[in-house]
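Participant: Here is a sequence together with a model predicted from it:
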Amino acid sequence: MVVEKKRTINRLKSMYPLRAKVNETYLKSIEAIQAGKPAVWGMLNFYYGDPILKAMDIEVVYPENYGAIAAATGVAQQYLDRADAEGFPTHLCGYSLTTLGYASRMMKELNGEIPPEAPFGGMPKPLFLMSSAAICDARYKWFQALGRYMDVPVWPLEAPLPGIKEFSIEDYYDEMVKLGVKHLRDFVTFVEDMVGKKMDWDRLDKTTGLMIEVNRVWHEVNELRKARPCPMHSRDFWSAMPAALFLAGDLEDSLRLYQDMYKEVKDRVGNHVSAIPDEKYRLVFAELPPWHSLAFFDKLAERGWNFVIESVGYHPPIPLDLSRVSDPLERITKFSLQFLVGYYEDARKQNVLGGTTAYPYLKYAREWKCDGALLHPLITCRSASTHLPYVADMLIEKMNVPSLSIEGDIVDLRLFNPEDALAKAEPFEETMEHYKKMRRQEGFDW
Amino acid sequence: MYFTGVDIGSTMTKVVLIDESDNLLSAIKGPTGPEHRQLANEVMRQSLEQAGLQIDDISYIVATGYGRLNVPFADSQITELSCHARGVSSLFPNVRTAIDIGGQDAKCMKINNGKLTSFVMNDKCAAGTGRFLEVTAATLGVRLEDMGDIALKATKKIQVSSLCTIFAQQEVVTLLSRGENLENIVAGLHDALANRIAALARRLGIEPDLVLTGGVAKNTGMVKAMKESLGCELLVPEEPLLTGALGAAILAKETYMKAVVVGEDLPTKSRRLEKATFFS
Amino acid sequence: MLDKNKGLSKAREIYLNRLQRVKELKAAGKTIIGYPCIYVPVEMLTALDLIPYQTCGDIKEPVTEADRALPSSFCPVMRNCLDCALKNKNDFLDGMVTIHSCDPQEKTARVWESYTSYPYFHFIDMPITVRPEALEYFKSQLNDFKKTLETFTGRKLSKDKLESAIKFHNRQRALVRELYELTKPSPPCISGTEIIQVIEALTSLPVSEGNDLLTETINEVKSRTGGLEKKPARLLIWSSILDDTDIMQVFEAKANVVMSESCGVIRAYRGEVKFTANPLEGLADYYLNEITCARTFRQATIGETRKDYTRDLQSRFGYLKGIVEEWKINGAIMLLVRYCDPFAFEMPSLKDYFDSIGVPSTYIEYDYTVGALAPLRTRIEAFLETINQ
């Protein structure tokens, strides 16, 4: 069988330097750590803890991302087996089990030295652990469990999660901000103690400003994808997002690169350039992509499937005006909360209450004019999967937009079967056609 | 004096009869089937016949296994974990870790001086039991009893790592269609099962001597794969299916003897092999 | 001869039909508010003359309806609870109060709200740490809960009413602790099964009626002769939830279960709400700090910059030492509900702690269905065989 290496998706030129940034930053980080710079294990914290660490010039290693790398390079299994042997139940998040197994190996067998089999330089023993309550329980419990292998302090960042209706109670938002600011102030003190130097508040102010601006531009880039045909595919989104989501590398540099991307996408819109040769279907993807099998999307692109929007968990917050807020900690807190609450008002008005990350998909379907949704539930990642049945239910009920569900996992990559998924594509196309007609009949404009 | 151990497993029922010096007087195996209450009587009858004894000659009877609560003539019930531990120790006095792989479950036991000290079981997931090989053998059109020999003929390592027996079937079909040869695929399946069981065992900590029992221990391909996954030597008894019943018989003897020495009254059941009903 | 309507027999009767009293009360014009988690401050409901009713699952009920809203790899207890709700078993409720204690609670709360239409629905958010600002935030959440309750009932939640309710609920907690004193003797005077029946009965009764039931039960148990059979093993069961007598009976077939550190048993009753100038402060403090559920992040020193694993274990599990000593416990079962993340992450550390205080322990998983019973039996019996040497 001859397999042609086809590049059906018309990748943005401006995506490449943004994608390269992630690798560069990672390698620079490894170098710095090897030269003695303190390293912290962190996790996705939605713009809350990262700016603090960045302003203090601390290298951050992300075990969640490392878990994906370990899975993709086939190294995860031994760490999973180790975690199992240590007594951690196997239903737990694959990334956490990978890290726990890794920590056990590093500390119990190698006395703190990075395991030689660990790909991409591994993860060094950290100075402290910064976890986050956002998104799921596993994330803060897992770093606590690491204390079994490393006598390393852990700071779990609080992340309030309001009810959609309750959010509109008077003073509710202010209380959330109060919590966020005080908590962050204490976190700064903690970090200062750990690294032995004081926070440069001007630097934090600048970092915060850049973080907000970078994400604002990035938000605008994604707004341009509403155009028909869509100029930018989800693959470009996933490749370009780390700089904004994780504040990878130099922020001024990132800002320039996102501005370049904005220009390129705007041009494409002006010239009606599509991300794929023939846009027959516009799709939204939820939630975490199969990182190791992204070529799968090229196959779908050949069938005319353009992925125009995706993964609300990775999207920048809806911009809000924080220019009159002088305290950087308050700006950080409000910006971080905005990631979720930016949608609340709308969700409440539409009475879509079944999940804080579910309503955005309704907005996506409507504004990005989607014909279908591709859902990817992951067996060991409940937080990225639990809302999906509700999303499917809501999309079809309110928007006549059908969904196709393809299962996978974050570390057992064999669970995702691309052939099986492609086999389901054809019948789903018929479903999408059917619902297109239904929408037209009911007066929807796509 | 004579003692009997009855092991009602999910696939096979085994009865072992010993005397006070642990001499084996009879050992009977039969498929359990759904009517295991009735079957226990039948297998017991065969055991007595083989030993040339009457049921009244048996001083104490212990039942074990999944169906242990359904042996009306048994004097007491002890879990198969403790019974395997005892049985395996009588055959291999230096055993510290025992692994029993049955058709529908897998058990790992740590043993100290013949006694069970800790254990871990898998009876939820078929992919970590003999069933995994049964199902994949059927997919390949191979007889289950031939799987081991076929595995030994492999020339290349293939990774079969689906989390689930159902997915493994799909994977096997894909591998065949890609032109992989049967021996290598079968060996890959054995490796996958061995790895899963080794992971289970590592939760307890692996200490030699290690003994493997259960139906799957008769599969030479599995013994080899287990040795590789565990990274150490494995001892396998001649009759790997009987260790549970043997252990039950020995524990029956020990329970009885202890009561005799202490002068304790030991409650026993009526020595009548009646047809078991749902209400007995 | 036991009076059919008192003490243990009453508890047994209510356990088998938990809806009976609330249905009577509803017919008499009372307002019934459901809650799925013990972190909900029920004092605030009692204070406004609302009847709190803890919604529970039923292991005998096969889950069918919940599939359209929740995946199968999800806390089976909450799936079961939601399933019962979607099958209209909770239609007598006038409202629900849900809380962000753990992911399944939070996610099920959303689904509950969108798939049912109770007149009143409120979701309380919770922080994960016990830091001062977290406590402040939780207090503000309770304040918001107060606001919506007042709007719903049209009544003010005054300090007096709240303090009176706190008194009643504190009394209940004290009575449950008194009941548990009766498992200290050898053999214990009351079984784990009977205790579950009593607690499950309590959570379906108004607080004062529950207190009466407890008083009757305590007197009855104290004065009864020829109690339970003494068994060599005195077990502690540590679990997220253990509220079903079929499961408890599997343990009690061969052991005395003298303490069940779980929801459905003692967890909701261990401490006491302190009286503070603003009662919401005492409530926030009690619920965040005193409830020993794995969802709350505790550390030896808040915000510690130096870490010591032994001290960490002590701060998280140290309260168990006193229990082990006082109840003369010689075996511990860590009973995990499948897919429960907060408890699952605790397992190896908890085992380390039990090892450090010399208590043999084993980890058993169950999935809140009747299918769990047979494998449970084998594991429990095998564990008991290892400790009854």
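Facilitator: Sure thing, it's come through.
Participant: where does the chain dip in pLDDT?
Facilitator: Chain wasn't specified; assuming chain A. For chain A, the stretches flagged by pLDDT under 70 are A:1-6.
Participant: ah, I was thinking of chain C
Facilitator: Across chain C (using pLDDT under 70), the flagged ranges come out as C:1-4, C:389.
Participant: List the residues that contact the residue most central in space within it.
Facilitator: When CA atoms, centre = their mean is applied to chain C, the residue found nearest the centroid is residue C:263 (2.4 Å). By CB atoms under 8 Å, 6 or more residues apart in numbering or on different chains, the residues touching residue C:263 are C:37, C:38, C:239, C:240, C:241, C:242, C:243, C:293. The C-beta positions use only the backbone N, C-alpha and C, and glycine is treated the same way.
Participant: contacting residues for residue 40?
Facilitator: Because you didn't say which chain, this covers chain A. A:53, A:58, A:59, A:60, A:61, A:126, A:127, A:128, A:129, A:130.
Participant: you looked at the wrong chain, it should be chain C
Facilitator: C:52, C:97, C:98, C:99, C:124.
Participant: what residues does the stretch 201-350 of chain C put near chain A?
Facilitator: C:294-295, C:297, C:299, C:303-309, C:312, C:336, C:338-339, C:341-342, C:344-349 (CB under 8 Å from any CB of the partner chain).
Participant: out of those, which are inside strands?
Facilitator: residue C:336 (DSSP state E).
Participant: returning to what we had before: could I get the contacts of residue C:263 as TSV with secondary structure and neighbour count?
Facilitator: Formatted as TSV, the contacts of residue C:263 follow (DSSP: H, G, I helix; E, B strand; the rest coil; neighbours: other CB atoms under 10 Å in any protein chain shown):
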residue	secondary structure	neighbour count
C:37	coil	27
C:38	coil	20
C:239	strand	23
C:240	strand	24
C:241	strand	26
C:242	coil	25
C:243	coil	24
C:293	coil	18
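Participant: Going by distance to residue C:67, which of those residues wins?
Facilitator: Nearest to residue C:67 among the contacts of residue C:263: residue C:241, at 21.1 Å, using CB to CB.
Participant: so what's that closest one bridging to?
Facilitator: For residue C:241, the beta-bridge partners are residue C:263 (DSSP bridges).
Participant: and residue B:211, that one's in a strand?
Facilitator: Yes. Using DSSP: H, G, I helix; E, B strand; the rest coil, the assignment for residue B:211 is a strand.
Participant: So it sits against residue B:235, correct?
Facilitator: Yes. Taking CB atoms under 8 Å as the definition, residue B:211 is a contact partner of residue B:235 at 4.7 Å.
Participant: intersection of neighbour lists for the two?
Facilitator: B:92, B:95.
Participant: out of the two, which sits in the more crowded spot?
Facilitator: Neighbour count, other CB atoms under 10 Å in any protein chain shown: between residue B:211 and residue B:235, residue B:211 has more, with 28 against 18.
Participant: gap between residue B:177 and residue A:292?
Facilitator: Remark: distance between residue B:177 and residue A:292 (CB to CB, to the nearest Å) = 22 Å.
Participant: which one of the two has more residues nearby?
Facilitator: residue A:292 (16 against 8).
Participant: which SS class is that one?
Facilitator: Secondary structure of residue A:292, per three-state DSSP, is helix.
Participant: who touches it in this structure?
Facilitator: By CB under 8 Å, 6+ apart, the neighbours of residue A:292 are A:68, A:71, A:72, A:413.
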